[in-house]
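S.K.: dropping the sequence and predicted coords here.
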Amino acid sequence: MFFRARQFEFRFPRPALVMGIVNVTPDSFSDGGKFLDVDAAVAHALKLFSDGAEILDIGGESTRPGAGPVGEAEELRRVIPVIKKLATTFKIPLSVDTMKPAVAQAALAAGASIVNDVAANRTDEVMWKIVAAAGAGYICMHAQGTPQMMQKNPAYKNVVAEVAEFFCAQLEKLNACGVTSEQVVFDPGIGFGKSLEHNLSLLAGLERFTKLDRPVLLGVSRKSFIGKFSGVETNQRLPASLACATLAVADGVEIIRTHDVAETVQAIRMAEAVLTRKNNA
């Protein structure tokens, strides 16, 4: 299985990729405001790279539950200078975390290679045609509703089955727009229009998605469902985040998106070493 993002190519199976989060926002739930300045964002990205990140995900609009929308011009102002600077610094894929086609297009022109689309439940084809034209990677994330409303009353009959059906249906639409399957990664969207029980069911059912012949990305880092389960604040959620990441790797997840790159790399590499010996026993 391949994942292609412009000039970058990853062949699976291989050790899980770690995607480091660079939030260029004032209001992200975990680190909002810390890296709003271009130099601060670049310095943070350098640390994530040195810690072992093989993809960097740059976002200029918070998608935490209840977050307000950011105008296109403001989002461009936040992310494009950072991407331009990083593109001249790193030889690894840069991902832009955006719902806006114009921001995605500008980010790809500035040197990004992947579009991380939390609004992949869209029906409009503009974003997908931009991805196709650029040969970019595309992270197809499942969400129910918008960030403003998604946690009001999420409802499913069978969340694992419905998310799997979503992936298959959206992949057909992407292919029809010229986005090849090898450009696509699936993300079950933990916390995006899901209750605590829905999130736990998705984590327990990850093997359903890893059998769909596309890489799967999991983003659980410091998320609120951990707080709901354990009663801990955002800065105390690393142990549970690592538990989810290692269990995900055991189920075949290929990409882990995280704020805590060094700790995540150490945890999943240990898990992979044990799994290799277990499978060869």
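M.R.: Okay, I see it.
S.K.: so how far is F229 from V160?
M.R.: From V160 across to F229, the span is 18 Å (CB to CB, to the nearest Å). C-betas here are computed from N, CA, C, even on glycine.
S.K.: between these two, which is the more surrounded one?
M.R.: V160 (19 against 13; other CB atoms under 10 Å).
S.K.: element containing the more buried one?
M.R.: Using DSSP states H and E, V160 sits in helix 159-176.
S.K.: name the helices or strands packed onto the helix or strand following that helix?
M.R.: Per DSSP H and E, the first helix or strand lying C-terminal to helix 159-176 is strand 184-187. For strand 184-187, the elements it packs on are strand 137-141, helix 159-176, strand 217-219, judged by 3 or more CB pairs under 8 Å, 6 or more residues apart in numbering; DSSP states H and E.
S.K.: helix, strand or coil for N116?
M.R.: Secondary structure state of N116, per DSSP: H, G, I helix; E, B strand; the rest coil, is strand.
S.K.: hang on, it packs against S95?
M.R.: Yes: using CB atoms under 8 Å, N116 is in contact with S95, at 4.8 Å.
S.K.: find residues that contact each of those two.
M.R.: 57, 139 (CB atoms under 8 Å, 6 or more residues apart in numbering).
S.K.: so who does the residue nearest to F209 when sequence neighbours are not counted touch?
M.R.: Among residues not flanking F209 along the chain, V216 sits closest, at 4.9 Å (CB to CB, 6 or more residues apart in numbering). Applying CB under 8 Å, 6+ apart, one finds that V216 lies in contact with 185-188, 206, 209-210, 252-255.
S.K.: 6 Å instead, please
M.R.: Going by CB atoms under 6 Å, 6 or more residues apart in numbering, V216 touches 186, 209-210, 253-254.
S.K.: before we move on, what about I92?
M.R.: So I92 contacts E54 (CB under 6 Å, 6+ apart).
S.K.: rerun that using 8 Å as the cut-off
M.R.: Applying CB under 8 Å, 6+ apart, we find I92 in contact with 8, 49, 53-56.
S.K.: how about those, which pair is most distant?
M.R.: F8 and F49 (14.5 Å; CB to CB).
S.K.: which parts of the stretch 1-150 of the chain are strands?
M.R.: Taking DSSP state E, counting those that start in this stretch as the test, the strands found in the stretch 1-150 of the chain are 2-5, 8-11, 17-23, 55-59, 94-97, 114-117, 137-141.
S.K.: how many neighbouring residues does A43 have?
M.R.: The local packing of A43 (other CB under 10 Å) involves 11 other residues.
S.K.: most tightly surrounded among the helices and strands packed on strand 184-187?
M.R.: The highest average neighbour count among the helices and strands packed on strand 184-187, using mean count of other CB atoms under 10 Å, belongs to strand 217-219 at a mean of 28.
S.K.: pull up the pairing partners for that strand, direction included.
M.R.: When pairs are called by DSSP bridges, strand 217-219 turns out to pair with strand 255-258 (parallel).
S.K.: for the partner strand, buried residues please.
M.R.: 255-258 (16 or more other CB atoms under 10 Å).
S.K.: likewise stretch 4-24?
M.R.: In stretch 4-24, counting by 16+ other CB under 10 Å, buried: 4-6, 8, 10, 12, 16-24.
S.K.: which stretches of the stretch 101-250 of the chain have low pLDDT?
M.R.: 145-152 (pLDDT under 70).
S.K.: repeat that for 90
M.R.: 144-155, 234-235 (pLDDT under 90).
S.K.: angle of the helix holding V160 against strand 137-141?
M.R.: 150 degrees (axes from the mean of the first three to the mean of the last three CA atoms, to 10 degrees).
S.K.: now do helix 159-176: which elements does it pack against?
M.R.: Judged by 3+ CB pairs under 8 Å, 6+ apart, the packing partners of helix 159-176 are helix 126-134, strand 137-141, strand 184-187, helix 196-204, helix 206-210.
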